[in-house]
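>>> Quick check, what structure comes out for this input:
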Amino acid sequence: MKEPKPRKADKPSLGKAIEENLEMLLEVLVLVFFVNAFLLQAFAIPTPSMENNLLVGDHMLVDRIAYSQSLSKIDAAILPQVKIRRGMMVAFKSPPEIDARNMGRLFYVKRVIGLPGEMIKIIGNKVHINGRPIDEPYVNLSAPLTVSPDFPPASPDAWPAEFPREFRNFVVTTELGPAYKVPDGHYFCLGDNRNLSADSRIWGPLPADYVIGKPWRNYWSTKTTTDAMLGKSAPARLKDFVLGFFTKTRWNRILKRF
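Predicted coordinates for the structure are as follows:
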């Protein structure tokens, strides 16, 4: 009696292969969504308001955990968080006054200067907190003045149109003259490139819940302009990336930590 020939392994059907590939793609998308939503977020610097520390064309990863609030002791131990202090850089969503100009798709990075409850006064671009001048080694004053070097404004009519009216009455009297008291739950943020920065002097104190996270590292940096960053379509930016990757990449800024 002849023994039956061993059966060949069935080849996976086309439908089965497609199903497995779709499952793998879904898993990757879920992982990317989780990382982007809860751990890291990538975005680019479109303006020179933070030069020379951040440059137009820097593409960075933002740590979304660093400034978050712990829900429990276990949460705090696993995901270490830090309290926002003066001098730290924060990434945040566009304030409503900027959203109104159809710029809500952008995120911004500024430096925290005034903490909740502190009194801030700027005289000739010199920042005073609670009546005392502070040292700011990161400030760049080389650009021509486009923003008033003094704050708060000297008269009620001098407030920028974007500055929310409900926050204009936080001016208090001090020995140095009128100063601005940062509202609870808000931060007063300024750009390092002080003369070119649209910041809390223009659109008001930053709500704490607008903060996304802490700038962490550059994953890429390219020589470009604000017009190219904001004015070109996605396909045009992709073309610039491909054609200029080797000639325009700032290799010395790759993986730079902030």
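>>> Mind listing what's buried along stretch 195-210?
195-206, 208, 210 (16 or more other CB atoms under 10 Å). C-beta here means a position set from N, CA and C on the backbone, and glycine is covered the same way.
>>> pLDDT (mean, whole number) over it?
Mean pLDDT, stretch 195-210: 93.
>>> pull the CA atoms of that stretch into CSV?
Extracted in CSV, the C-alpha atoms of stretch 195-210 (Å, rounded to 0.1, in the frame of the first residue of the first chain):
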residue,chain,number,x,y,z
ASN,A,195,12.8,93.7,18.3
LEU,A,196,11.2,91.3,15.7
SER,A,197,9.0,89.2,17.9
ALA,A,198,5.2,89.3,18.1
ASP,A,199,4.6,87.9,21.6
SER,A,200,2.8,88.7,24.8
ARG,A,201,3.4,92.4,24.3
ILE,A,202,1.1,92.1,21.2
TRP,A,203,-1.4,89.2,21.8
GLY,A,204,-1.4,89.2,25.6
PRO,A,205,-0.6,86.6,28.3
LEU,A,206,-0.4,83.0,27.2
PRO,A,207,-3.0,80.7,28.8
ALA,A,208,-1.3,77.7,30.5
ASP,A,209,-3.6,75.2,28.8
TYR,A,210,-2.3,76.5,25.4
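>>> Any idea what the residue sitting nearest the centre point of the chain is bridged to?
Per CA atoms, centre = their mean, the C-alpha nearest to the average position across the chain is that of residue 91, at 2.4 Å. Here residue 91 shows beta-bridge partners residue 109, residue 213, assigned using DSSP bridges.
>>> OK, contacts around it?
Shown in contact with residue 91 (CB atoms under 8 Å, 6 or more residues apart in numbering): 41, 43, 62, 107, 108, 109, 211, 212, 213, 214, 215.
>>> Okay, and the beta partners of the third one?
Think residue 62. Beta-bridge partners recorded for residue 62 (DSSP bridges): residue 41, residue 215.
>>> pLDDT below threshold where in the chain?
For the chain, residues meeting the criterion pLDDT under 70 lie at 1-38, 68-81, 96-106.
>>> in it, which spans are strands?
Assigned by DSSP state E, the chain shows strands spanning 40-44, 58-63, 89-93, 107-114, 119-123, 126-129, 132-133, 171-174, 177-181, 186-190, 206-207, 211-221.
>>> Burial-wise, tell me which of those comes out on top.
Mean neighbour count, computed with mean count of other CB atoms under 10 Å, is highest for strand 186-190 among those, reaching a mean of 25.
>>> tilt between that one and strand 119-123?
Interaxial angle, strand 186-190 versus strand 119-123 (axes from the mean of the first three to the mean of the last three CA atoms, to 10 degrees): 20 degrees.
>>> which residues are contacting strand 186-190?
By CB under 8 Å, 6+ apart, the residues outside strand 186-190 that reach it are 84, 90, 92, 110-116, 118, 120, 127, 180, 182, 197, 199-201, 205-208, 211.
>>> Over to stretch 233-240?
Contacts of stretch 233-240 (CB under 8 Å, 6+ apart): 222, 224, 228, 229, 232, 248.
>>> what's the neighbour count on the fourth one?
The one in question is residue 229. A total of 17 residues lie near residue 229 under the criterion other CB atoms under 10 Å.
>>> quick one, what contacts it?
By CB under 8 Å, 6+ apart, the residues touching residue 229 are 44, 46, 47, 56, 57, 237.
>>> Helices of the stretch 151-258 of the chain, start to end?
200-203, 226-231, 234-248 (DSSP state H, counting those that start in this stretch).
>>> Need the winner for burial among these.
helix 200-203 (a mean of 22).
>>> Output the contacting helices and strands for it.
Helices and strands touching helix 200-203, by 3 or more CB pairs under 8 Å, 6 or more residues apart in numbering; DSSP states H and E, are strand 107-114, strand 186-190.
>>> so can I have CSV of the ones you listed showing distance to residue 254?
Putting the helices and strands packed on helix 200-203 into CSV (distance: least, CB to CB, whole Å) gives the following:
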stretch, distance to residue 254
strand 107-114, 18
strand 186-190, 27
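>>> Compare those and report which one is nearest to residue 174.
With CB to CB as the measure, strand 107-114 is the member of those nearest residue 174 (13.5 Å).
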